[in-house]
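Peer 1: give me the fold of what follows.
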Amino acid sequence: MVRRVGALVVVALVLFGVVRVVGALAGGDDGDTVAGADGSTPADATAASDGGTVVGATGNTTITSAPGSTDATGAGSTVPATSAAVSTGPPTAADPAVVLIAGDSDAGTFGPYLETLLDDTGVARTQLDYKVSSGLSRPDFFDWPSHFRQIIPQIQPDIVVVTFGGNDPQGLTDGSKADGTPNFIIGEPTGDGDAEWRAEYGRRVGEVMDYLASEGRTLVWVGIPNDDNPDVTTRLRVQDEVVRAEAAKRPQVAFVDTWKRFSGREGGWAEFVIDPRDSTAKDVRADDGFHLNTVGAEILALDIMEVVRADLVARGAQL
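Peer 2: Prediction:
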């Protein structure tokens, strides 16, 4: 997993250039390491900011917003059966729906373009909040459930888009020991059984889903892609299966099938996929074999936008 982090630097720099983020990188991804089951603790990295407000008890996640325009077409998504609005009326320019985009570095990759697409609707206001190398497996590094319970009342989103990716199929901790080292309680999944890992990770995912989808909010959970390394893909598949199962229990949760979108015809890893904007096959992967490059991130954002657009319409938006 550590090999992915080097590529994050390149992806992040390219991404922020494309989406016109203004300002210097605050901390960046340099020196950041992926959480490992060997007891190592990831470096405390911060995402680059375009002048947004930093929120959270730890002070190390960044919330940003970005303007833009582009029409959205995509596939590989499941729209929730029901959609109850937090706001009292339909989303309008004067009273836009609030969309929170949150998660790990993957959210930081597709998030800015999704913000661009949402801004083009004229009826949505976005907040982007991501933490590199984070997830639900290592609350000793970053505690997302606690973070959500702090920022959700502040932001009061109508729609939440969330993703946790390649940092999670590892050993699970329940916090830190007295000496500050990670307290691992379950080893990493291997793809062979993994009943204990599946049960605990499923509990964590379900807890986050239930909170984010409560009080009339719509939750869009973005799945993970596979990896060019078969061993890594085996662990990722366990995580993906657990998340799908939890989402299937909750009709108020929409699941975006990233794995299918970025797989080949035979279901395996794919470097090139069709861009729905011009029906052309394009390279969509970063050099690490897992993360998406700028084109791949934009394609994923289009898929997510289809789900969000349907929810906005269900809320009464004139699109």
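
Peer 1: make it CA atoms for all contacts and neighbour counts henceforth
Peer 2: Will do.

Peer 1: can you pull out the strands in the protein?
Peer 2: With strands called from DSSP state E, the chain shows them at 62-64, 97-103, 124-130, 159-163, 172-176, 182-186, 218-222, 253-256, 272-275, 280-283.

Peer 1: can I get those in CSV with distance to residue 205 and mean pLDDT?
Peer 2: Output for these, formatted as CSV (distance: least, C-alpha to C-alpha, whole Å; pLDDT from 0 to 100):
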stretch, distance to residue 205, mean pLDDT
strand 62-64, 22, 38
strand 97-103, 13, 98
strand 124-130, 17, 98
strand 159-163, 11, 98
strand 172-176, 13, 95
strand 182-186, 16, 96
strand 218-222, 10, 98
strand 253-256, 12, 98
strand 272-275, 29, 96
strand 280-283, 31, 97
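
Peer 1: quick one: closest of the ones you listed to residue 316.
Peer 2: strand 97-103 (10.6 Å; C-alpha to C-alpha).

Peer 1: what helices and strands are in contact with that closest one?
Peer 2: strand 124-130, strand 159-163 (3 or more C-alpha pairs under 8 Å, 6 or more residues apart in numbering; DSSP states H and E).

Peer 1: separation between the nearest residue to residue 218 once chain neighbours are set aside and residue 219?
Peer 2: With C-alpha to C-alpha, 6 or more residues apart in numbering as the criterion, residue 218 has its nearest non-adjacent residue at 4.7 Å, and that residue is residue 159. Taking C-alpha to C-alpha, to the nearest Å as the measure, residue 159 falls 6 Å from residue 219.

Peer 1: the two: which is more packed in?
Peer 2: residue 219 (29 against 26; other C-alpha atoms under 10 Å).

Peer 1: and that one, what does it touch?
Peer 2: 159, 160, 161, 162, 209, 212, 213, 252, 253, 254 (C-alpha atoms under 8 Å, 6 or more residues apart in numbering).

Peer 1: and it, how far from residue 158?
Peer 2: Residue 219 is 9 Å from residue 158, by C-alpha to C-alpha.

Peer 1: next: residue 149.
Peer 2: Residue 149 sits 15 Å away from residue 158, going by C-alpha to C-alpha.

Peer 1: same check, this time on residue 318
Peer 2: From residue 318 over to residue 158 (counting by C-alpha to C-alpha), the distance is 16 Å.

Peer 1: in terms of neighbours, single out the busier of these two.
Peer 2: residue 158 (28 against 13).

Peer 1: hmm, residue 98 and the more buried one touching each other?
Peer 2: Yes. Using C-alpha atoms under 8 Å, residue 158 is in contact with residue 98, at 5.3 Å.

Peer 1: just the pLDDT for residue 265.
Peer 2: On the pLDDT scale, residue 265 is placed at 87.

Peer 1: state the number of residues packed around the closest residue to residue 242 other than its chain neighbours.
Peer 2: Closest residue to residue 242 apart from its sequence neighbours, by C-alpha to C-alpha, 6+ apart: residue 202 at 5.8 Å. Residue 202 has 19 neighbours, counted by other C-alpha under 10 Å.

Peer 1: top helix in this protein by residue count?
Peer 2: Using DSSP state H to define each element, the chain has its longest helix at helix 294-314.

Peer 1: now the helices: where do they sit in the chain?
Peer 2: Under DSSP H, the chain gives helices at 3-18, 105-121, 144-155, 195-212, 230-248, 258-261, 294-314.

Peer 1: okay, those, which one's buried deepest?
Peer 2: Sort the helices of the chain by mean neighbour count, taking mean count of other C-alpha atoms under 10 Å, and helix 105-121 sits at the top with a mean of 25.

Peer 1: C-alpha coordinates for that helix, PDB please?
Peer 2: In PDB, the C-alpha atoms belonging to helix 105-121 read as follows (Å, rounded to 0.1, in the frame of the first residue of the first chain):
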ATOM      1  CA  SER A 105      -7.500  10.900  -1.300                       C
ATOM      2  CA  ASP A 106     -10.000   9.400  -3.800                       C
ATOM      3  CA  ALA A 107     -12.500  12.000  -2.700                       C
ATOM      4  CA  GLY A 108      -9.800  14.600  -3.200                       C
ATOM      5  CA  THR A 109      -9.300  13.300  -6.700                       C
ATOM      6  CA  PHE A 110     -12.900  13.300  -8.100                       C
ATOM      7  CA  GLY A 111     -14.200  15.900  -5.700                       C
ATOM      8  CA  PRO A 112     -13.100  19.100  -7.500                       C
ATOM      9  CA  TYR A 113     -14.700  18.000 -10.800                       C
ATOM     10  CA  LEU A 114     -17.900  16.900  -9.100                       C
ATOM     11  CA  GLU A 115     -18.000  20.400  -7.500                       C
ATOM     12  CA  THR A 116     -17.700  21.800 -11.000                       C
ATOM     13  CA  LEU A 117     -20.600  19.700 -12.300                       C
ATOM     14  CA  LEU A 118     -22.700  20.600  -9.300                       C
ATOM     15  CA  ASP A 119     -22.000  24.300  -9.600                       C
ATOM     16  CA  ASP A 120     -23.200  24.200 -13.200                       C
ATOM     17  CA  THR A 121     -26.700  23.200 -11.900                       C
END
